[in-house]
Structures are given as structure tokens and as C-alpha cells.
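A.B. asks: Structural data only, the sequence is not supplied:
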Ligand SMILES: [Zn+2]
């Protein structure tokens, strides 16, 4: 589903667990696309065809999945990363993940082409799209959020959901870090807050006021000091 110019969201609609995926079109050389969090190939509980649905969604938007040149992974959990290897082996899509998730990614059989650090990520030789990679630990040690300042888009992975946050009780999780990470990104100027899961809400929070309301709700709920 197209959200804005060059911005697409694939909201998970199944019953079983899977993540939302997002795509920034035409931002790489030869008009190739960037995909964020491709999700499962098939869901774990009930074998829902997650990847097939994602590919269909991309095609329905008039985009060619074969033109995905780079996959960014917000963090190394199976429900976000599993299909990355499909794109990598079938169409030679590069995979990027934060340095602090590299070991676990490798242990899970993944091969990262690019290890990310916090900072700017310039895409394409024209460098027409500039992303800000923000290290946002709490849900996992090398979790990132991806800020696109020009379009005021924050791709939040499992840091923030609608009126909720990612779990901190999984290996490498930390509630203190989660609070710190949320506090940090809450000061950004965001019109589109794109969450990693559709928990009781599609996970696409649109509009400055709605985004602000969500941050305020979380700050209050988690007792984050202003
Ligand atoms: Zn996760």
C-alpha cells in the first residue's frame, strides 16, 4: 500500500505473528528499491504464506520485487529477518544490519553484506535519499530505528507500537535502554511513525499530532522522565 511519494507499507493482516514491512522506492542506483524488515517466509504457528503476500503486495503497487537492491533489518528476530535470505539468494539483494546484531544474525544462518553503525546512510550514487540510522537498543542490543528526515518518516521496528512498545524480556532486552531509546527518538520531527507490528492498530501512525500523542502516552505509561 502506498503511504506517500516513494513510501510503501505492507501491513501484516494474518492471524499468526509476523512483522510489517516498509519500502522506499527508487532510492538506489538503477531505480532499485529499499525494503525494511521483510518478515517471515511462512509464519511459525500456522504456516501463513507471509513472503508470498508481501511479494503480491509489492506487485499490486506496480513495483517489481526483483528490483529490491537492499534490505535493512531493524533487528535480528526471526519474524523480521527470515525472508531476507530469499531476496539475497534469488535477486542478489544486499542485507544490512547493525553491527551489534551481526553475531546473532550469523548464528541464525544469515550473511550480512553491510554492518551498520549509528549515523547517516546515503543511498544511491546521487545520494538522493539520506537516512539517519539511530541505534535504539532495548528490545534487542543492536536494534535500529530509521529516520528519513526529508519526509519526516520514522521506521520504528519493535521499539514503538501504537500505545505499546516491544518486549524487553527477550535475550539482550533492557527496559532501561528501551526507555532511553524511546526518549531519544521522541524529540524527532515525525509525520509518519511506522511500527514493526500491527498490534490492535495497523501500526502506521500518521500526522504530527497523532505521533506526539503516542509518544506522550508511552512516556506516561513507562514513566519516562521528560
Ligand atoms: Zn523483535
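C.D. replies: Sure, I can see it. What you see is a predicted model; the values in this text were computed from it and never measured.
A.B. asks: Up against the ion, what does the protein have?
C.D. replies: Proximity of the chain to the ion, by CB under 5 Å from the ion, involves residues 77, 158. Heads up, the C-betas are built off the backbone N, CA and C, glycines and all.
A.B. asks: Would you mind measuring from whichever residue of the chain sits closest to the ion to residue 142?
C.D. replies: As assessed by CB to the ion, the ion sits closest to residue 77 within the chain, at 3.4 Å. Noted for residue 77: a distance of 11 Å to residue 142, by CB to CB, to the nearest Å.
A.B. asks: on that earlier part again, which stretch of helix or strand covers the closest residue to the residue of the chain closest to the ion other than its chain neighbours?
C.D. replies: With sequence-adjacent residues excluded and distances taken as CB to CB, 6 or more residues apart in numbering, residue 77 is closest to residue 140, at 6.8 Å. Using DSSP states H and E, residue 140 falls within no helix or strand.
A.B. asks: top helix in this protein by residue count?
C.D. replies: Secondary structure of the chain per DSSP state H: the longest helix is helix 208-222.
A.B. asks: Now that one: buried residues?
C.D. replies: The neighbour-count check on helix 208-222 (16 or more other CB atoms under 10 Å) flags 210, 211, 214, 215, 218, 219 as buried.
A.B. asks: who touches it?
C.D. replies: For helix 208-222, contacts defined as CB atoms under 8 Å, 6 or more residues apart in numbering pick out 154, 160, 162-165, 178-179, 182-183, 186, 189-193, 205, 224, 226.
A.B. asks: Can I have the buried ones of the residues you listed as a ChimeraX selection?
C.D. replies: In ChimeraX, this line selects whichever of the contacts of helix 208-222 come out buried by 16+ other CB under 10 Å:
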select :154,160,162,164,165,178,179,182,183,186,190,191,192,193,205
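A.B. asks: just checking, which of the contacts of helix 208-222 belong to helices?
C.D. replies: Short answer: the contacts of helix 208-222 in helices (DSSP H) are 178, 179, 182, 183.
A.B. asks: show me the contacts for the last one.
C.D. replies: Residues in contact with residue 183 (CB under 8 Å, 6+ apart) are 219, 224, 225.
A.B. asks: Phi, psi for the closest residue to residue 26 other than its chain neighbours please.
C.D. replies: Computed as CB to CB, 6+ apart, the closest residue to residue 26 that is not its neighbour in sequence is residue 6, at 6.0 Å. Dihedral angles of residue 6 (phi, psi; degrees, to the nearest 10) stand at phi 60, psi 10.
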